[in-house]
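Undergrad: below are the sequence and a predicted model; questions follow.
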Amino acid sequence: MDEAVRILSVGVGTLLAIVLAAVIVFWFIEDVTQKKHAVLRNYPVIGRLRYFFEKQGEYFRQYFFAGDRDEMPFNRATRAWVYRVAKKEDGSGIIGFGSTYDLKAPGAILFVNAAFPVQEWEKHATPPLMIGEGWCEQPFLARSIVNVSGMSFGAISKPAVQALSRGAAEAGCWLDTGEGGLSPYHVEGGADVIMQIGTAKYGIRDAEGKFSAERAKELAKSVKAFEIKLSQGAKPGKGGVLPGGKVTEEISRIRGIPAGEDSISPNRHRDAANIVELLDQVAMVRSVTGRPVGIKTAIGGWRFLNELADDVLKRGLGYAPDFLVIDGGEGGSGAAPQALFDHMSLSIEEALPRAADVLYESGLKDRIRLVASGKLVTSARAAWALCVGADFVNTARGFMFSLGCIQALRCHTNTCPTGITTHNPRLQRGLVVEEKWQRVANYAQGMNKDIEMIAHSCGVEHPRLLRREHCRIVQANGATAALNMLYPYPRENAPARLAKIAARVAPAAVSAD
């Protein structure tokens, strides 16, 4: 018996050796005859190790070599904080022996602690804010400072949307559909839903791909508001791209497009080529649906914001968007060309203060709610946005981390190892909705709680009282400067703006006569 086992083992070993030798010979022939890769042609077989280590290098750096504050787009310290808050671990958000945050790095955020912070009995619950009150039939009472930014069903998976819907409902925050249309999974959890109208009008289009008023009226029964998306921080000037492999039969029905084909959005709304047409569209959607209507955009300069404010003042507040979502160039939960990811549009640090200044100066700050978006995944970054002038904060990747995202950078490949951005049933199996929805709620509630803690430490009763003087930014010389010195509050001067508009319009009117 032992001899038979030995002979069998030898036979198996010999067979494996033959197979291995055959594979090596095959690789050798393939490498020396191919013409695409010089390294493989000159160093057959061995050269394959170079490509293997290049592919695996990002994962080795992530887990073995990068420091807690070194990685991009989000470092390990940030991800670990979100994980702890989402899991509601004992002492979540608590550390010991000092901060690893570089307090002297240019751009570092520091809040101004009050000598006499707010006591427990002096605290007030963060008040909700109405959106569209007095300007639409069904205004929206938004309860949470922190909310789920736009992520389309298609870009993210069915269980991811289900967990977000249930978690958002528990936390009292809104859930943005992204441009992929309203799916049954967005509404099944009972969350407040904002329906995004992308450039392709997915989910709200007719057979010819144009805006459908009938479909909009039907959707208004299920959603709290509509958001006209001009652009997002990941890829301003380019529409969304969903590879054909992710366009399932279900997604094709929801979006109103063919299954199995690449879903490519136009780079802008074809029925909104200028400010006048955009505001016409805002007023039209609000009239058709009775719901608040907002605009989402990345910012590349000041002209768009100024022209938007001027046109609202000229035409009347009925043409104003009910909310304005400013996305920073560092935003982007989905896939995008690297040239746009890296170099297109302003960061939220520069775009948000300018947007707030335009609203303050034009007297529109109370009419138009301001929402900040773009890598605002921690409570400190969210509190900074409130100090600048935001009313709400949206985050996509923060909620993705709460679902278990490990920053594998495979969002566009349909091979997401955590089941968040894939339609592979085997990989989706890892995302257990019954477990993850609670983490979504914990993250939103934890963020709001920490923002309130920062506000109380600054000496104000709730976060909506935070102002620019409550926050300082480290400068290149290591000293700090208060936000209200870096970005002084402009005076409200709507009459002066109207006078300038009239001066520009008058000559044209005269020449026309």
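TA: That came through fine. Residues are numbered from 1 along each chain as shown.
Undergrad: ok, now how distant is the residue nearest the centre of the chain from residue 429?
TA: Closest residue to the average C-alpha location of the chain: residue 396 at 3.8 Å, with C-alpha atoms, centre = their mean. The gap separating residue 396 from residue 429 is 23 Å, by C-beta to C-beta, to the nearest Å. Backbone N, C-alpha and C define where each C-beta goes, glycine included.
Undergrad: equivalent analysis for residue 37, please.
TA: Per C-beta to C-beta, residue 37 is found 36 Å from residue 429.
Undergrad: swap in residue 448?
TA: For residue 448, the distance to residue 429 - C-beta to C-beta - is 31 Å.
Undergrad: counting neighbours, go ahead and name the busier of those two.
TA: Shown here are residue 448 and residue 429; by other C-beta atoms under 10 Å, residue 448 has more neighbours (22 against 10).
Undergrad: list the residues that contact the more buried one.
TA: Taking C-beta atoms under 8 Å, 6 or more residues apart in numbering, we find residue 448 in contact with 126, 144-146, 171.
Undergrad: change it to 6 Å
TA: By C-beta atoms under 6 Å, 6 or more residues apart in numbering, the contact list for residue 448 reads 145-146.
Undergrad: average pLDDT for the one helix or strand it maps to?
TA: Residue 448 belongs to helix 433-457 when elements are defined using DSSP states H and E. What helix 433-457 shows for mean pLDDT is 95.
Undergrad: in this structure the residue nearest to the centre of the chain contacts residue 147, no?
TA: No: look at residue 396 against residue 147 with C-beta atoms under 6 Å: they stay out of range, at 10.2 Å.
Undergrad: and the closest residue to residue 165 other than its chain neighbours, how close does it get to residue 227?
TA: Once flanking residues are discounted, residue 165 sits nearest to residue 189: 3.0 Å by C-beta to C-beta, 6 or more residues apart in numbering. Distance, residue 189 to residue 227, using C-beta to C-beta: 19 Å.
Undergrad: more neighbours: these two, which one.
TA: The neighbour count for residue 189 versus residue 227, taken as other C-beta under 10 Å, is higher for residue 227 (27 against 21).
Undergrad: in terms of helices and strands, where is that one?
TA: strand 225-229.
Undergrad: what pairs with the next helix or strand after that strand, parallel or antiparallel?
TA: Per DSSP H and E, the first helix or strand lying C-terminal to strand 225-229 is strand 241-242. Here strand 241-242 is paired, per DSSP bridges, with strand 263-264 (antiparallel).
Undergrad: okay, the helix or strand just after the strand it pairs with in PDB with CA atoms only?
TA: Sequence order places helix 275-289 as the next helix or strand after strand 263-264, per DSSP H and E. Presented in PDB, the C-alpha positions along helix 275-289 are these (Å, rounded to 0.1, in the frame of the first residue of the first chain):
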ATOM      1  CA  ILE A 275     -28.300  80.500 -17.800                       C
ATOM      2  CA  VAL A 276     -31.700  81.600 -19.200                       C
ATOM      3  CA  GLU A 277     -32.600  78.200 -20.500                       C
ATOM      4  CA  LEU A 278     -31.300  76.500 -17.300                       C
ATOM      5  CA  LEU A 279     -33.500  78.700 -15.000                       C
ATOM      6  CA  ASP A 280     -36.400  78.100 -17.400                       C
ATOM      7  CA  GLN A 281     -35.900  74.400 -16.900                       C
ATOM      8  CA  VAL A 282     -35.800  74.900 -13.100                       C
ATOM      9  CA  ALA A 283     -39.100  76.800 -13.100                       C
ATOM     10  CA  MET A 284     -40.700  74.300 -15.500                       C
ATOM     11  CA  VAL A 285     -39.800  71.200 -13.400                       C
ATOM     12  CA  ARG A 286     -40.900  72.900 -10.200                       C
ATOM     13  CA  SER A 287     -44.200  73.900 -11.900                       C
ATOM     14  CA  VAL A 288     -44.800  70.400 -13.300                       C
ATOM     15  CA  THR A 289     -43.900  68.400 -10.100                       C
END
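Undergrad: now helix 275-289: average pLDDT?
TA: Averaging pLDDT along helix 275-289 gives 97.
Undergrad: show me the contact partners of it.
TA: So helix 275-289 is contacted by 136, 213, 216, 220, 226, 272, 293, 307-308, 311, 319, 321 (C-beta under 6 Å, 6+ apart).
Undergrad: which parts of it are buried?
TA: Along helix 275-289, these residues count as buried under the neighbour rule (16 or more other C-beta atoms under 10 Å): 275, 278-279, 281-283, 285-286, 288-289.
Undergrad: now swap in stretch 141-160 and tell me
TA: Residues of stretch 141-160 classed as buried: 142-160 (neighbour count, 16+ other C-beta under 10 Å).
Undergrad: repeat that for stretch 168-188.
TA: Buried residues in stretch 168-188, counted by 16+ other C-beta under 10 Å: 168-183, 185-187.
Undergrad: and the contacts of it?
TA: Residues external to stretch 168-188 that are found in contact with it (C-beta under 6 Å, 6+ apart): 143-144, 147-154, 158, 161-162, 164-165, 189-196, 198, 202-203, 219, 222, 229, 240, 254-255, 441, 444-445.
Undergrad: same thing with stretch 102-121?
TA: 380, 384, 454, 456-459, 461, 470-472, 474, 476, 478, 480.
Undergrad: and that stretch, which residues are buried?
TA: Using 16+ other C-beta under 10 Å as the test for burial, stretch 102-121 gives 108-109, 111, 118.
Undergrad: now do residue 437 against residue 153, distance only.
TA: Going from residue 437 to residue 153 by C-beta to C-beta gives 16 Å.
Undergrad: low-confidence ranges, the stretch 201-350 of the chain, go.
TA: The model of the stretch 201-350 of the chain has pLDDT under 70 over residues 233-240, 331-337, 339-342.
Undergrad: any idea which helix or strand comes after the helix ranked longest in the chain?
TA: Secondary structure of the chain per DSSP state H: the longest helix is helix 2-33. Remark: after helix 2-33, the chain's next helix or strand is helix 38-42, criterion DSSP H and E.
Undergrad: how far does that next one sit from its chain's centre?
TA: Put simply, helix 38-42 sits 42 Å off its chain's centre (C-alpha atoms, centre = their mean, to the nearest Å).
Undergrad: helices along the stretch 401-513 of the chain, start to end?
TA: 425-428, 433-457, 483-486, 494-512 (DSSP state H, counting those that start in this stretch).
Undergrad: ok so, going back, okay, buried residues for the longest helix of the chain please.
TA: Buried residues in helix 2-33, defined by neighbour count with 16+ other C-beta under 10 Å: 27, 31.
Undergrad: alright, that wraps it up for me.
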